[in-house]
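**Student:** Everything below, folded, please.
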Amino acid sequence: MSSAADLKQQDNQFIHPWDDFVKLGANQRTLLARGEGVYVYDSDGNRLLDAPAGMWCVNIGHGRQEIAQAVYDQIMELPYVSPWSMATGPAAEFAVDIAAQSPGDLNHVFFTTCGSTAVDSALRFVQFYNNMRGKPNKKHIISQKRGYHGSTYLGGSVSGKERDKNNLDFETRLVHHIDAPHPLYKPADQSDAEFLDACVANLENMIDEVGSENCAVFVAEPILASGGVIVPPEGYHQRCLEVCRKHDMLYLSDEVVTAFGRLGHCFASEAVFGIQPDIITTAKGLTSGYIPMGAFLVSDRLIEEIKQHGGDSAVFSNGFTYSGHPVAAAAGIKNLEIMQREKLFEQARETGPYMQQQMQTLRDIPIVSDVRGLGLMACVQCELKQGDDDLAMDYEIGNLIDKHCQALGLIVRPIINMCVMSPPLTITREQIDEMVAILRQGILLAMEEVNALEAGAADEGHHHPSPAA
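**Tutor:** Next up, the predicted model:
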């Protein structure tokens, strides 16, 4: 059996997401060996509180024997069949379970392999829908800057994080981005109501620019997750949905992160933000990350329209070898059963406000420029120099905080200079206190390290005059 050191070196044969090829072969990533509850353990036996829940996804926590048993049982009974021509009990049952939790008439479930393929498939469905309606020009997609919708060609094109677009090609003819509704950047002389009006006007103005007859769908995350946990102003999604209705556009709510308890409900679109979108995408918490799976839910109304226009046939020629995979569906069924039996949605509604309250206590640290979030999603944004848009400096402070927090027993997943928290729904108040305490110490240690480095550089410059002196 390979040693931990050997495995870390062998890991360099695996190209990780967002890998820097210049550094390929020299990485020494932390090797995680096992997980239990809200904690994971590295190859040296160190315990780490998993504040990102993997990547927004291990909602029921690590080490659930029930999931393992459900997966084992399904593998032994029937590991796979073609979703093109056959049906399986787990996929059928899980589709019904999901539809029962969905808002309004979103009763049809299309299974995919992950969040990226859920978004990509949903957008292809939108194109298919308008083709069936005899509106082939109605194909343009509007989404938000700072939004993230996946790594497929179309999902990546719809994403609005500029630093994810280096050296890659994207669809630019049909995709348009508007500013994210980020309250942190609200002008000082603007009221909350005026800011909301301006955010909604961004969507209306883009529709006017592209042409209402060309605009097919608005794609929005209830909360922009990897963009930095951006919580829009109250009423934003409701107002944008009204705009979409006025222009015969569909509203796609990307709940890959926010669904399955992250905000205290199975789906957040209606329960938290008061809307019934036309399409919802989901993944991550769908199986709590135990088995890869994604899905999009579509309104009965859209299906009926397609049937009316379809004549003898209306084939949606889109799908995957692993659509509705019975093993993944078995994991999903058990995952949702655990969430409901243990009342994890209710627990998240109780612990979420407490986590937000405790995170706000970090505002007294000089380099903390913002603390924001909702439910069990939070972001602590740090700047070494307030208002200084220095990307290298932002990366430096984020990496230092990550280093110190991990040494202290906490995984934070820095997004440049933003520390993102999205712990398992099972987290307790005591564990939230532990998470916040370690994060505080990690930020302070990072700040001290930067100050020491700057002081050392200044001292060196003082004792070594320039050649011109």
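
**Student:** What separation is there between the nearest residue to His108 once chain neighbours are set aside and Lys246?
**Tutor:** Distance criterion CB to CB, 6 or more residues apart in numbering; nearest residue to His108, sequence neighbours excluded, is Val298 at 4.9 Å. Glycine gets a C-beta too; all of them are placed from N, C-alpha and C. Taken as CB to CB, to the nearest Å, the spacing of Val298 relative to Lys246 amounts to 21 Å.

**Student:** Looking at those two, which is more packed in?
**Tutor:** The neighbour comparison of Val298 against Lys246 (other CB atoms under 10 Å) goes to Val298, with 26 against 11.

**Student:** Can you give me every residue that contacts Pro181?
**Tutor:** With contact taken as CB atoms under 8 Å, 6 or more residues apart in numbering, Pro181 is in contact with 144, 196, 199, 230, 232-233, 236.

**Student:** That one: what secondary structure?
**Tutor:** Under DSSP: H, G, I helix; E, B strand; the rest coil, Pro181 falls in the coil class.

**Student:** From Ala193, how far off is it?
**Tutor:** 13 Å.

**Student:** try Gly156
**Tutor:** Gly156 is 35 Å from Ala193, by CB to CB.

**Student:** what's the pLDDT at the residue nearest to Pro52 when sequence neighbours are not counted?
**Tutor:** Spatially, and ignoring its direct neighbours in sequence, Pro52 is nearest to Arg413 (4.1 Å; CB to CB, 6+ apart). Looking at Arg413, its pLDDT stands at 84.

**Student:** Longest helix in the chain, please.
**Tutor:** Identified as the longest helix of the chain according to DSSP state H is helix 429-463.

**Student:** which helices and strands does it pack with?
**Tutor:** Contact here means 3 or more CB pairs under 8 Å, 6 or more residues apart in numbering; DSSP states H and E; on that basis helix 429-463 packs against strand 47-50, helix 344-360, strand 377-382, helix 391-408, strand 410-411, strand 418-421.

**Student:** Quick one: distance of that helix to the chain centre.
**Tutor:** 28 Å (CA atoms, centre = their mean, to the nearest Å).

**Student:** same deal with stretch 415-424?
**Tutor:** 11 Å.

**Student:** Just the terminal-to-terminal distance for it.
**Tutor:** 19 Å (CA to CA, to the nearest Å).

**Student:** and what of stretch 293-304?
**Tutor:** 26 Å.

**Student:** mind listing what's buried in that stretch?
**Tutor:** By 16 or more other CB atoms under 10 Å, the buried positions in stretch 293-304 come out as 293-299, 302.

**Student:** which residue ranges form the helices in this protein?
**Tutor:** 4-10, 53-56, 65-77, 89-101, 115-132, 153-158, 192-210, 236-246, 268-271, 300-310, 326-341, 344-360, 391-408, 429-463.

**Student:** what ranges of the stretch 201-350 of the chain fall below the confidence cut-off?
**Tutor:** When residues are selected by pLDDT under 70, none of them lie in the stretch 201-350 of the chain.

**Student:** Break the protein down into its structural domains.
**Tutor:** 31-60+343-456, 65-341 (automatic domain parsing).

**Student:** Can you say which of the ones you listed is nearest to Lys23?
**Tutor:** domain 31-60+343-456 (13.3 Å; CB to CB).

**Student:** Return the per-residue confidence for Asp6.
**Tutor:** Residue-level pLDDT assigned to Asp6 equals 89.

**Student:** wait, what's in contact with it?
**Tutor:** Asp6 sits in contact with no residue, where contact means CB under 8 Å, 6+ apart.

**Student:** From the chain's centroid, how far away is stretch 11-19?
**Tutor:** For stretch 11-19 - counting by CA atoms, centre = their mean - the centre lies 21 Å from the chain centre.

**Student:** Can you get me the start-to-end distance on it?
**Tutor:** End-to-end distance (CA to CA), stretch 11-19: 12 Å.

**Student:** for stretch 217-229, same thing?
**Tutor:** End-to-end distance of stretch 217-229 (CA to CA): 23 Å.

**Student:** can you give me how far it is from the chain middle?
**Tutor:** Centroid separation between stretch 217-229 and its chain, computed with CA atoms, centre = their mean, is 8 Å.

**Student:** cool, stretch 338-345 as well?
**Tutor:** In this view, stretch 338-345 has its centroid 21 Å away from the chain centroid, taken as CA atoms, centre = their mean.

**Student:** Only the buried residues of it, if you could.
**Tutor:** 338-339, 344-345.

**Student:** And stretch 305-319, by the same measure?
**Tutor:** 306, 318.

**Student:** cool, and stretch 242-254?
**Tutor:** Quick answer for stretch 242-254 (16+ other CB under 10 Å): 243-244, 247, 249-254.

**Student:** what's the first-to-last distance across that stretch?
**Tutor:** 18 Å.

**Student:** list the contacts for the closest residue to Lys334 other than its chain neighbours?
**Tutor:** When the adjacent residues along the chain are set aside, Lys334 lies closest to Ala70, with 4.0 Å between them (CB to CB, 6+ apart). By CB under 8 Å, 6+ apart, the contact list for Ala70 reads 330-331, 333-334.

**Student:** Could you tell me how far the residue nearest to His182 when sequence neighbours are not counted is located from Lys186?
**Tutor:** If the residues on either side of it in the chain are set aside, His182 comes closest to Ile230, at 5.0 Å by CB to CB, 6+ apart. When distance is defined by CB to CB, Ile230 is 12 Å away from Lys186.

**Student:** And the two? Which one has more around it.
**Tutor:** Neighbours were counted for Ile230 and for Lys186 using other CB under 10 Å; Ile230 has more, 22 against 17.

**Student:** The more buried one contacts Arg372, doesn't it?
**Tutor:** Yes - at 7.5 Å, Ile230 counts as touching Arg372 under the criterion of CB atoms under 8 Å.

**Student:** who touches both of these two?
**Tutor:** Listed contacts common to Ile230 and Arg372 are Pro183; contacts here mean CB under 8 Å, 6+ apart.

**Student:** Report the beta-bridge partners for Ser253.
**Tutor:** Beta bridges link Ser253 to Ala220, Ile280, judged by DSSP bridges.

**Student:** Tell me who's in contact with it.
**Tutor:** Shown in contact with Ser253 (CB under 8 Å, 6+ apart): 220-222, 237, 269, 275, 277, 279-281.

**Student:** Out of these, which end up buried?
**Tutor:** Here, 16+ other CB under 10 Å leaves 220-222, 237, 269, 275, 277, 279-281 buried among the contacts of Ser253.

**Student:** what's the closest of those residues to Ile401?
**Tutor:** Glu221 (24.5 Å).

**Student:** What are the neighbouring residues in contact with that closest one?
**Tutor:** By CB under 8 Å, 6+ apart, Glu221 lies in contact with 144, 147-149, 227, 253-258.

**Student:** returning to what we had before: among the contacts of Pro181, who's most crowded?
**Tutor:** Neighbour-wise, these (other CB under 10 Å) top out at Gln144, 29 neighbours.

**Student:** got a pLDDT number for that one?
**Tutor:** At Gln144, pLDDT is 98.

**Student:** surely it meets His182?
**Tutor:** No - the pair Gln144 / His182 is not scored as a contact, 9.5 Å apart, by CB under 8 Å.

**Student:** Now the common contact residues for these two.
**Tutor:** Leu224.

**Student:** Do you know the pLDDT at Gln13?
**Tutor:** So, for Gln13, pLDDT stands at 88.
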